[in-house]
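S.K.: any chance you can model this:
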Amino acid sequence: MDGVRRPRPRGCAETPIIRLTVYRVASFTKNPAEGNPAGVVLGAGDLGDAGFRRVATLADATETAFLDRIDPERWRVRYFAPACEVDFCGHATLAAVGTLARASMLPGLGTTFETKVGDVRVFRDTGRHEVGWMIQRPPEFADVAATDAELAAAVGIAVDDVGREIRPVLATTGLWTLLLPVVSLDALTRARSAESLPALGARLGAGSVHLFTFETGDPLADVRARNFAFGYGIPEDPVTGSANGALGAYLHRLGRGRPQITVSQGTEVGRPGRALVVVESGQVIVGGPTAAIETREIEVDPG
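M.R.: Now for the predicted structure:
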């Protein structure tokens, strides 16, 4: 639904108050109480950065996707966390796919999201429990200019907890993250975001650290992960679409991933979910189901 503009009361400036519909959606789950909650707004127009952040705060989600239709086959999308704009957000993209599908606004062959990291093709697989998919950007990797001791201290684990067979790496399929292997589920569970993490991330050029282990505790998962998204004002992200895409691409590069892997994430913050990652023909495709949580009507001052 497009934003409805209403004039201010007399005596105020002419800038209208805008009433928006915000769809709250849980991504990577079929349970609205689990997965990663995102906001989706259709037809918001230009609220100004402060207005976008205000809506993102009121949406009560880690990130909110704002979509404006360019033509029937293309949407312009911007992503905002309450603290800042984010160039790309995987779980909010998936939430937007589910929202468009439920509103009968998603073409059968999918559509294209025009984002700040480039075009992202999205589509829906109605034959697999209504799973939505996004084709992320081609992966890039970079060496990590930090010692294992620095990495371990930044996430509150011991040096011996850092993986040796698979090494840490910087990776992106849209947002740069530090992929940090740990040797056990116990180490993953003990991890925490330490005071040194934001400075280390800024030095390395990553906005988050994505810890992972092959000890999952989940018979349906191949990998277990946690994500500390310090660069975006998010202490811990429940289920991370962009970082799991980068993780799947990295494991595929090392020959450790099947054509499709399932990543379990979010248990530590009480919102478990599973991300599906497919790497084939040079493409990284991330998907999962979504569940509608609620619809909110929000008034915002774009000034």
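
S.K.: my guess is residue 297 meets residue 19, correct?
M.R.: Yes - counting by C-beta atoms under 8 Å, residue 297 does reach residue 19; the two are 6.3 Å apart. Backbone N, C-alpha and C define where each C-beta goes, glycine included.

S.K.: give me the more crowded residue out of these two.
M.R.: residue 19 (14 against 10; other C-beta atoms under 10 Å).

S.K.: and the pLDDT at the more buried one?
M.R.: Model confidence at residue 19, expressed as pLDDT, equals 88.

S.K.: not counting sequence-adjacent ones, nearest residue to residue 68?
M.R.: Taking C-beta to C-beta, 6 or more residues apart in numbering, and ignoring the residues beside it in sequence, residue 68 has residue 76 as its nearest neighbour in space, at 4.8 Å.

S.K.: SS state for the one you found?
M.R.: Remark: residue 76 carries the secondary structure label strand [criterion: DSSP: H, G, I helix; E, B strand; the rest coil].

S.K.: that one bridge partners, please.
M.R.: Using DSSP bridges, the beta-bridge partners of residue 76 come out as residue 68, residue 114.

S.K.: look up how far residue 88 lies from it.
M.R.: From residue 76 over to residue 88 the distance is 13 Å, taken as C-beta to C-beta, to the nearest Å.

S.K.: who has more neighbours, these two?
M.R.: Regarding residue 76 and residue 88, a neighbour count based on other C-beta under 10 Å identifies residue 88 as having more, with 25 against 14.

S.K.: from what I see, that one and residue 174 are in contact.
M.R.: Yes - Residue 88 sits in contact with residue 174 when judged by C-beta under 8 Å, with a separation of 3.7 Å.

S.K.: what is in contact with those two at once?
M.R.: Where contact means C-beta atoms under 8 Å, 6 or more residues apart in numbering, the residues bridging residue 88 and residue 174 through contact with each are 115, 117, 120, 242.

S.K.: list only buried entries from the residues you listed.
M.R.: Applying 16 or more other C-beta atoms under 10 Å to the shared contacts of residue 88 and residue 174, the neighbour count classes 115, 117, 120, 242 as buried.

S.K.: need the next SSE after whatever helix or strand the third one lives in, C-terminal direction.
M.R.: When secondary structure is defined using DSSP states H and E, the element that contains residue 120 is strand 118-125. Taking DSSP H and E as the definition, the helix or strand that follows strand 118-125 towards the C-terminus is strand 131-136.

S.K.: what about residue 121, how many residues close to it?
M.R.: Other residues lying near residue 121 total 15 when counted by other C-beta under 10 Å.

S.K.: my read: it touches residue 112, true?
M.R.: Yes - using C-beta under 8 Å, residue 121 is in contact with residue 112, at 5.6 Å.

S.K.: buried stuff in stretch 164-175?
M.R.: Going by neighbour count (16+ other C-beta under 10 Å), the buried part of stretch 164-175 is 166, 168, 169, 170, 171, 172, 173, 174, 175.

S.K.: tell me which element the first one is part of?
M.R.: Counting by DSSP H and E, there is no helix or strand that carries residue 166.

S.K.: for the chain, what spans make up the helices?
M.R.: Remark: helices of the chain, listed N- to C-terminal, are 48-58, 90-102, 148-154, 185-190, 197-204, 241-253; assignment by DSSP state H.

S.K.: surely residue 172 and residue 247 touch.
M.R.: No - under the criterion of C-beta under 8 Å, residue 172 lies out of contact with residue 247, with a separation of 11.1 Å.

S.K.: what residues are shared contacts of the two?
M.R.: Taking C-beta under 8 Å, 6+ apart as the contact rule, residue 172 and residue 247 have no neighbour in common.

S.K.: list the helices and strands the strand holding residue 120 packs on?
M.R.: When contacts are defined as 3 or more C-beta pairs under 8 Å, 6 or more residues apart in numbering; DSSP states H and E, strand 118-125 sits against helix 90-102, strand 111-115, strand 131-136.

S.K.: nearest to residue 269, out of those?
M.R.: Of all those, helix 90-102 sits nearest to residue 269, with 13.3 Å by C-beta to C-beta.

S.K.: tilt between that closest one and helix 48-58?
M.R.: Interaxial angle, helix 90-102 versus helix 48-58 (axes from the mean of the first three to the mean of the last three C-alpha atoms, to 10 degrees): 80 degrees.

S.K.: what's the average pLDDT for helix 90-102?
M.R.: For helix 90-102, mean pLDDT is 96.

S.K.: which of the residues in that helix are buried?
M.R.: Taking 16+ other C-beta under 10 Å as the basis for neighbour counts, the residues of helix 90-102 that come out buried are 90, 91, 92, 93, 94, 95, 96, 97, 98, 99, 100, 101.

S.K.: and stretch 195-208, by the same measure?
M.R.: Here stretch 195-208 shows 197, 200, 201, 204, 206, 207, 208 as buried, counting by 16+ other C-beta under 10 Å.
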